[in-house]
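Chemist: Compute the structure for the input listed below.
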Amino acid sequence: KGPTSDGRVKPDVVAPGENVRSAASDGDVTSMQCGPVWDRSRAVMEFSGTSQAAGFVGGAAALVRQFYREGYHIAGQKDLAQGILPTSALVKATIVHSTERVYTGYQTDINTGIAPDYAQGYGSVRLGNVLKVQVDGEEMDSTTQAHYVPNETVEDGGVWRLCLDVGAGLALAAIKDLRVTLVW
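Modeler: Below is the predicted model:
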């Protein structure tokens, strides 16, 4: 849990890390170790900790990278011609932007439900909130859209402005949530 020694919020995000099950191994590549799932001594093992959560977030980062590399970010369909090589900042921004708060039922001075906090950062990773893709030709859910501005540079003391057009005829009351994520 945060903060860091210089006051930054950590963690950035949280992910499942308690009682995570994965394939078990006896370490012998010749044993062909397999077994029924109910025989946990042979088939699976269960661990808890940050190492378990790290695998989840690492996998999420790989999916985000693939999403941009394969051009899904344009229209929700694979379009290799539109693919880009996302920066680490864009991958991080996408993951942070996807988060939802985790409500544990406990309200403490570090878990107030207001993001970010030192217990869960911006919340739990939920890539489905921002990585929109078409499935079997169905239209994407247009109520949630994520857009990015690539590689803008602002000099020290400089200003950069961005105007957002929420669309003609869309009442402000209809806008559920506007989130802006800035990373570097």
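Chemist: for Lys10, what are its contacts?
Modeler: 1-4, 118, 121 (Cβ atoms under 8 Å, 6 or more residues apart in numbering). All C-beta spots, glycine's among them, are computed from the backbone N, C-alpha and C.
Chemist: State the helix or strand in which Ala61 lies.
Modeler: Taking DSSP states H and E as the criterion, Ala61 maps to helix 50-69.
Chemist: Just after that helix, pick out the following helix or strand.
Modeler: Per DSSP H and E, helix 50-69 leads on to helix 72-75 as the next helix or strand towards the C-terminus.
Chemist: Report the angle between the helix or strand just after that next one and helix 50-69.
Modeler: Counting by DSSP H and E, the next helix or strand C-terminal to helix 72-75 is helix 88-97. With axes from the mean of the first three to the mean of the last three Cα atoms, to 10 degrees defining the directions, helix 88-97 sits at 110 degrees from helix 50-69.
Chemist: now for helix 88-97, which elements pack on it?
Modeler: If you count contacts as 3 or more Cβ pairs under 8 Å, 6 or more residues apart in numbering; DSSP states H and E, helix 88-97 packs onto helix 50-69.
Chemist: Extract the residue ranges of this structure that are flagged as low pLDDT.
Modeler: The chain contains residues with pLDDT under 70 at 26-27, 29, 31-43, 104-113, 137-146, 166-177.
Chemist: which residues of it fall in strands?
Modeler: Along the chain, the stretches classed as strands by DSSP state E are 20-23, 44-47.
Chemist: Of all the ones you listed, which one is nearest Ala53?
Modeler: strand 20-23 (8.0 Å; Cβ to Cβ).
Chemist: ok, back up a step: so what does the helix holding Ala61 touch, helix or strand wise?
Modeler: strand 20-23, helix 88-97.
Chemist: what residues are up against the spatially most central residue of the chain?
Modeler: With distances taken as Cα atoms, centre = their mean, the residue of the chain nearest its centroid is Ile95 (2.6 Å). Counting by Cβ under 8 Å, 6+ apart, Ile95 touches 12-13, 57, 60-61, 64, 125, 127.
Chemist: Throw the strands of the chain into JSON lines and include mean neighbour count and distance to Ala89, thanks.
Modeler: Converted to JSON lines, these look like this (neighbours: other Cβ atoms under 10 Å; distance: least, Cβ to Cβ, whole Å):
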{"stretch": "strand 20-23", "mean neighbour count": "12", "distance to Ala89": "28"}
{"stretch": "strand 44-47", "mean neighbour count": "13", "distance to Ala89": "31"}
